[in-house]
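have a look at this fold, sequence not included:
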């Protein structure tokens, strides 16, 4: 991609990091191989080559370059981050019993749940091998903690799902776990491997954390008001899957007893019939919860941009600034 | 347990390592907690406290002590090894669709597959955190490699299962992956953390590798001739689950065309009816494959004992020698 013709922030970032991204992709392909078990690269390739945006590895590369790194290990860390992400997608699809991911049938549907579980485990182990090669215990510490936080967030989501007592505080913990933990680890390790000063590493962490939260809130909002052609999701998937995301949590918080009974029936008990999604949308309109959710996403974007101001000026810093806007501009 | 009344080798080992084992158990309990997601310790406790023998963590403690270690980190490594083992059990039960483990209903049955997948991921991440705390990159390298080999072995088992082309070479690769990799890593890291000389670390690795293989072959043999009251397994479970273990592989290798048709029908196609297990057992008797499998297990035990002779004499070394015998004496 040419930087002069790239229009979206993540495309401009990709154009700036072309060589690093190509090196990361080469490493990813080399390490997803398995001498003994050909099923592994089959399953992994299905997902890795399905055209994800490589947002997370790009954050690592961007952070390292912005902090002046010129060694080889940001490539290992970018591959690490993508492997952890891919492993969690494989396991998520088993947990969610999903049939589609990135517009294609999921691995658990094409092969089976067993393959998704075990290939996810393999990629997770491979990601740790890559980290070990960097020789940085601090990087290992950050990414091991992120992996634990991700799994904890997913378990919390599992137990909080379909429970109307889930409030915004719990929602934020889930989002920090399942999404923001890997974003913040991705930016943080980029600074660590570059040997950046502590306050810059903290700023990178804060940027990744806020960006990840904004990204997930935007994702949850798009589920209720997105253009399915553009997002590849159907409006109301989260409602049908009885997920307690921010638009619902905000509506439940203000519900009249009658409205609460509606949420109990459709989300807690999962007794849904035709017209229920429309009712849910009208309740969100009544309390303006989609608009409030959007405002929350924008507020997290502002935090992400504020964190960037604590870093020295750099062309990549400006792209990361645009990127945080873009995450929410999908909503406009 | 008192060392003077303990009669079985693993009990004598446990008695010798009483304090270390207690410290490892305390650490395991502390680290399986989760501030946010109570489901995690519930699921983990179900498995961790179900009375496994703690064989793998005991190997790490034994290796470290035998090599004169007197620091704190063998405890971390013992907990690490147990967490990796527990994580693989949780994922195995999902993959095998098991209903029983250690004589109790499996976690995937008591909670759900989702919890088993995600809590397994959590424990795996926790195990890496524990390793990072030891500050030893070499230990991290060994255990990350072991984790990748385990997952690879499980995927290989998945694709090789129910395929009569699976031969003894592939079987050995699967066994090395799913069982021996963690045994050998457990003994190796004990030596590494103690700063033992290279040839002793190699001997510890070789002992763990051979012990793990003997252990798994014995397990596969017990499935066809064990006493279900003693083993907690029913004779023929592997046959019903169409697993290609050594007694079957050896029988298939010598099968007449008619016998081959029997194995194709029962194992490859899974069309089993009453009397088929008896036929399978009679074919094993015809070619003496259970006896040959037992001889293979004994041969691996001999390799394990030979490896021990390359280590300095030590009371624990003698217990490890007895332990390797015991693994196969279950078969007598």
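Good, I have the coordinates. Everything quoted here is computed from the prediction, not taken from an experiment.

when you work out contacts or count neighbours from here on, use the C-alpha atoms and nothing else.
Noted.

near chain B, which residues of chain A show up?
By Cα under 8 Å from any Cα of the partner chain, the part of chain A that sits against chain B consists of A:34, A:36-37, A:39-40, A:91, A:94-95, A:113-115, A:117-119, A:121-123, A:125-126, A:128-129, A:132, A:135, A:137, A:140-141, A:144-145, A:147-148, A:151-156, A:158-159.

now the helices for the stretch 151-300 of chain A?
With DSSP state H, counting those that start in this stretch as the criterion, the stretch 151-300 of chain A has helices at A:168-175, A:181-193, A:198-225, A:228-231, A:237-240, A:246-253, A:257-263, A:276-286, A:289-308.

mean confidence score for the fourth one?
Right, the one you point to is helix A:228-231. Averaged over helix A:228-231, pLDDT sits at 58.

please apply the same query to the second one.
In this model, helix A:181-193 carries a mean pLDDT of 98.

for it, packing partners?
If you count contacts as 3 or more Cα pairs under 8 Å, 6 or more residues apart in numbering or on different chains; DSSP states H and E, helix A:181-193 packs onto helix A:55-66, helix A:73-96, helix A:137-160, helix A:198-225.

again with the fifth one
The elements that helix A:237-240 packs onto, with contact taken as 3+ Cα pairs under 8 Å, 6+ apart, are helix A:198-225.

in the helix it packs on, what's buried?
A:200-224 (16 or more other Cα atoms under 10 Å in any protein chain shown).

residue A:178 contacts residue A:151, doesn't it?
Yes: contact status for residue A:178 versus residue A:151: in contact at 7.3 Å, counting by Cα atoms under 8 Å.

check contacts around residue A:267.
A:162, A:163, A:164, A:239, A:242, A:243, A:244 (Cα atoms under 8 Å, 6 or more residues apart in numbering or on different chains).

swap that for residue A:293, sorry
A:217, A:221, A:246, A:247 are the contacts of residue A:293 under Cα under 8 Å, 6+ apart.

residue contacts, the first one?
I take that to be residue A:217. Per Cα under 8 Å, 6+ apart, neighbours of residue A:217: A:246, A:293, A:294, A:296, A:297.

just to revisit the earlier point, filter the residues of chain A next to chain B to the buried ones?
By 16+ other Cα under 10 Å, the residues of chain A next to chain B give A:34, A:37, A:39-40, A:91, A:94-95, A:113-115, A:117-119, A:121-123, A:125-126, A:128-129, A:132, A:137, A:140-141, A:144-145, A:147-148, A:151-156, A:158 as buried.

chain B versus the residue positioned nearest the centre of chain A, what's the distance?
Nearest to the mean C-alpha position of chain A, by Cα atoms, centre = their mean, lies residue A:179 at 4.2 Å. To chain B, residue A:179 is 15 Å away according to Cα to the nearest Cα, to the nearest Å.

ok, that residue touching residue A:210?
No: if you go by Cα under 8 Å, residue A:179 and residue A:210 don't touch, sitting 10.4 Å apart.

next, count neighbours for the residue in the stretch 201-332 of chain A positioned nearest to chain B.
Proximity of the stretch 201-332 of chain A to chain B (Cα to the nearest Cα) peaks at residue A:241, 14.8 Å away. The number of residues packed near residue A:241 is 14, by other Cα atoms under 10 Å in any protein chain shown.

do you know how far it is from residue A:200?
40 Å (Cα to Cα, to the nearest Å).

repeat for residue A:38
Relative to residue A:200, and taking Cα to Cα, residue A:38 is found at 42 Å.

and residue A:255, by the same measure?
Residue A:255 is 44 Å from residue A:200, by Cα to Cα.

next: residue A:289.
The value you get for residue A:289 to residue A:200, if Cα to Cα is used, is 36 Å.

for residue A:207, same thing?
Residue A:207 is 10 Å from residue A:200, by Cα to Cα.

OK, contacts around residue A:172?
Here residue A:172 is in contact with residue A:213 (criterion: Cα under 8 Å, 6+ apart).

before we move on, the earlier item: nearest residue to the residue nearest to the centre of chain A in space, please, no chain neighbours.
residue A:212 (5.8 Å; Cα to Cα, 6 or more residues apart in numbering or on different chains).

ditto for residue A:95
Closest to residue A:95 by Cα to Cα, 6+ apart is residue B:114, at 4.8 Å.

pretty sure the one you found contacts residue A:94?
Yes: Residue B:114 is in contact with residue A:94 according to Cα under 8 Å; the separation is 7.3 Å.

joint contacts of the two?
Joint contacts of residue B:114 and residue A:94 (Cα under 8 Å, 6+ apart) do not exist.
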